[in-house]
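Q: Next input, structure requested:
(2 chains)
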Number of protein chains: 2
Amino acid sequence: MYKATVIIKTRKDILDPQGKAAEQGAKLLGFSNVSGTRIGKHVEFFVNTNNLEEAKKEVKEYSEKLLSNPIMEDFEFNLEEVDET
Amino acid sequence: MYKATVIIKTRKDILDPQGKAAEQGAKLLGFSNVSGTRIGKHVEFFVNTNNLEEAKKEVKEYSEKLLSNPIMEDFEFNLEEVDET
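A: Numbering: from 1, shown residues only, chains lettered A, B, ... in the order given. Below is the predicted model:
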């Protein structure tokens, strides 16, 4: 079994309104050193196979088709082998 | 200057409806090996100071007060020194 971690980020040239909003709040609260906030997704799940190639394929397809928006976002993932518990 | 990365996760004992929804979609698309999907946030920003302690304090406060919901979520962060560009 593998544990997958997928990080999904809005592409650099695309506006991130959620990040902008958080940063406006930061200025109001006096965090004057903070800049360039970008908010993406951090997704974790298990892949119930011991075949690494199969796990990679499934994580990639799951990320492309369901977790991310391929037009606006990029993703990267990593897989870590874990014991079945 | 530091680059901060904050990872925010819904606490384990709290339901994650977004993760559940993605996983239902996964089953419909035939990704039968995927389980336990949890969707959190991955936040990146710059902290414009060269004082590590000051940067840590600001990242912690920004995460607690604006980026996360302390009742339902936990966060962890790391800081990486970067050149001012």
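Q: interface residues of chain A facing chain B?
A: Where proximity means CB under 8 Å from any CB of the partner chain, the interface of chain A facing chain B comprises A:7-9, A:19, A:22-23, A:25-26, A:29, A:31, A:33-49, A:54-55, A:58, A:61-62, A:65-67. Using the backbone N, CA and C atoms, a C-beta is placed for each residue, glycine as well.
Q: ok, 6 Å please
A: Counting by CB under 6 Å from any CB of the partner chain, the residues of chain A lying close to chain B are A:7, A:22, A:25-26, A:31, A:33-49, A:58, A:62, A:66.
Q: ok, the longest strand anywhere in chain A: who's next to it in the sheet?
A: Longest strand in chain A by number of residues, with DSSP state E as the criterion: strand A:34-47. Based on DSSP bridges, the strands next to strand A:34-47 in the sheet, each with its direction, are strand A:2-10 (antiparallel), strand B:34-47 (antiparallel).
Q: Any idea which of those gets closest to A:Val82?
A: Ranking those by proximity to A:Val82 (CB to CB) places strand A:2-10 first, at 4.8 Å.
Q: and for the helix or strand just after the closest one, what are the contacting residues?
A: Using DSSP states H and E, the helix or strand that follows strand A:2-10 in sequence is helix A:17-28. With CB atoms under 6 Å, 6 or more residues apart in numbering or on different chains as the test, helix A:17-28 has contacts from A:Val34, A:Thr37, A:Arg38, A:Ile39, B:Tyr62, B:Leu66.
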